[in-house]
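Engineer: Generate coordinates for the sequence data below:
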Amino acid sequence: MTYAHGTKQERLPEWLRRPIATPGRATAVEGLLGELRLNTVCQSAKCPNRGECYASGTATFLIMGDACTRGCRFCAVETRVPAPLDAGEPARVAEAARRMGLAHVVVTTVTRDDLPDGGAAHFVAVIEALREAVPDAAVEVLTSDFAGNTSSIDAVTDARPDVFNHNLETVPRLYPEVRPGAEYRRSLGVLARVKERCAEAGAPPLPTKSGLMLGLGETPEEVVAVMRDLREVGCDLLTLGQYLRPSPAHLPVAEFVEPAVFEELAREARALGFSAVASAPFVRSSYHAKELADRASE
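Structural biologist: Modelled structure (predicted):
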């Protein structure tokens, strides 16, 4: 039987039960990540899609360590004092992308409030290493809010990733409970600043992307209001997925949102002008990221 994350009593609804992924290339991917001493959000965040992604030969790299300086109550990544940055990590991420033959590389991070720039320079180093090792691959970054540091946002924007993602995660009303240490307007401001920086530099606008988890107690009306806020700052791509509790220590699921609701929200999002939308229970920020980016560019 399949149970809700963090419980042994509540069974998941039928639409959240899925077959175990066939092994495929999973063993090779896990071996390579271990050899190169790389973290993935797939493993650290206990993503339900890890088996499928590893089996298909993909993974989302988690840079700057496996410890976060914040304690978001939905996230399985550990909160503790992080280790110093590893100067060799950018080259190892690039080597992994090359050996995996990735055409679309997704790089995310823990939040590093202990660093003056929030780790922006390290992000830039990773982008540059990927450009050299896999010049034909698209690079998508999923960043922290850099504590609102405009120069850090600018530095990553100037490195010209192909997609700049920053997740709002939930609706403003739930921020104090779900994302203590984060601020809704500050996160929205990250996406706004990416577009502003491109305009200041006379550069083509970068596609921006954001995502929300559903099932934390939000209403559909609140989700639509967030989507409108995202469009107002020029956000292009949107992901909506079901929150699943990583452990009993994390926030409980308030609701298992039915697939029909995800479909309706996707229709609302497209009507608002998002160039590509992924909205379904198992959707995550980097799940099928290449396909979403490709749809946006059609």
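Engineer: got the residue ranges for the strands in the stretch 1-150 of the chain?
Structural biologist: Under the criterion DSSP state E, counting those that start in this stretch, the stretch 1-150 of the chain contains strands at 39-40, 61-63, 67-68, 78-79, 104-109, 138-142.
Engineer: what's the fifth one packed up against?
Structural biologist: Pointing back at strand 104-109 there. Applying 3 or more C-beta pairs under 8 Å, 6 or more residues apart in numbering; DSSP states H and E, one finds that strand 104-109 contacts strand 61-63, helix 89-100, helix 120-133, strand 138-142, helix 289-297. The C-beta positions use only the backbone N, C-alpha and C, and glycine is treated the same way.
Engineer: for the record, mean pLDDT for that strand?
Structural biologist: Strand 104-109 shows a mean pLDDT of 96.
Engineer: in its sheet, what does that strand sit against?
Structural biologist: When pairing is defined by DSSP bridges, strand 104-109 lines up against strand 61-63 (parallel), strand 138-142 (parallel).
Engineer: hmm, who's touching the very next helix or strand once past the last one?
Structural biologist: Right, strand 138-142. On the C-terminal side of strand 138-142, the closest following helix or strand by DSSP states H and E is helix 150-158. For helix 150-158, the external contacting residues (C-beta atoms under 8 Å, 6 or more residues apart in numbering) are 117-121, 123-124, 127, 141, 143, 146, 164, 190, 193-194, 197-198, 201, 206.
Engineer: Residues contacting stretch 263-270, please?
Structural biologist: Against stretch 263-270 from outside (C-beta under 8 Å, 6+ apart): 214, 220, 223-224, 227, 238, 240, 277-279.
Engineer: Narrow those residues to those in helices?
Structural biologist: 220, 223-224, 227 (DSSP state H).
Engineer: Please name the residues that touch the residue nearest the centre of the chain.
Structural biologist: Centroid-nearest residue in the chain, with C-alpha atoms, centre = their mean: Ser285, separated by 4.0 Å. With contacts defined as C-beta under 8 Å, 6+ apart, Ser285 is in contact with 106, 108, 142, 165, 167, 209, 211, 239.
Engineer: can you put the residues you listed in TSV and add neighbour count and distance to Glu177?
Structural biologist: Below are those laid out as TSV (neighbours: other C-beta atoms under 10 Å; distance: C-beta to C-beta, whole Å):
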residue	neighbour count	distance to Glu177
Val106	26	28
Thr108	24	23
Leu142	24	22
Asn165	26	23
Asn167	22	16
Lys209	30	24
Gly211	23	18
Thr239	25	21
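Engineer: Out of these, flag the one nearest to His250.
Structural biologist: Asn167 (16.6 Å; C-beta to C-beta).
Engineer: check contacts around the closest one.
Structural biologist: Applying C-beta under 8 Å, 6+ apart to Asn167 gives the contacts 142, 187, 210-212, 285.
Engineer: can you pull the pLDDT of it?
Structural biologist: 97.
Engineer: Need the distance between the two termini of stretch 200-210.
Structural biologist: One end of stretch 200-210 to the other measures 22 Å (C-alpha to C-alpha, to the nearest Å).
Engineer: Need the residues that contact it.
Structural biologist: Residues outside stretch 200-210 that contact it (C-beta under 8 Å, 6+ apart) are 140, 157-158, 160-168, 191, 194-195, 198-199, 230, 233-239, 275, 285, 292-293, 296-297.
Engineer: Mark which of these are part of strands, please.
Structural biologist: Residues of the contacts of stretch 200-210 located in strands (DSSP state E): 140, 163-165, 237-239.
Engineer: Kindly provide the distance from the residue nearest to Lys195 when sequence neighbours are not counted to Arg267.
Structural biologist: Nearest residue to Lys195, sequence neighbours excluded (C-beta to C-beta, 6 or more residues apart in numbering): Gly234, at 4.5 Å. Going from Gly234 to Arg267 by C-beta to C-beta, to the nearest Å gives 21 Å.
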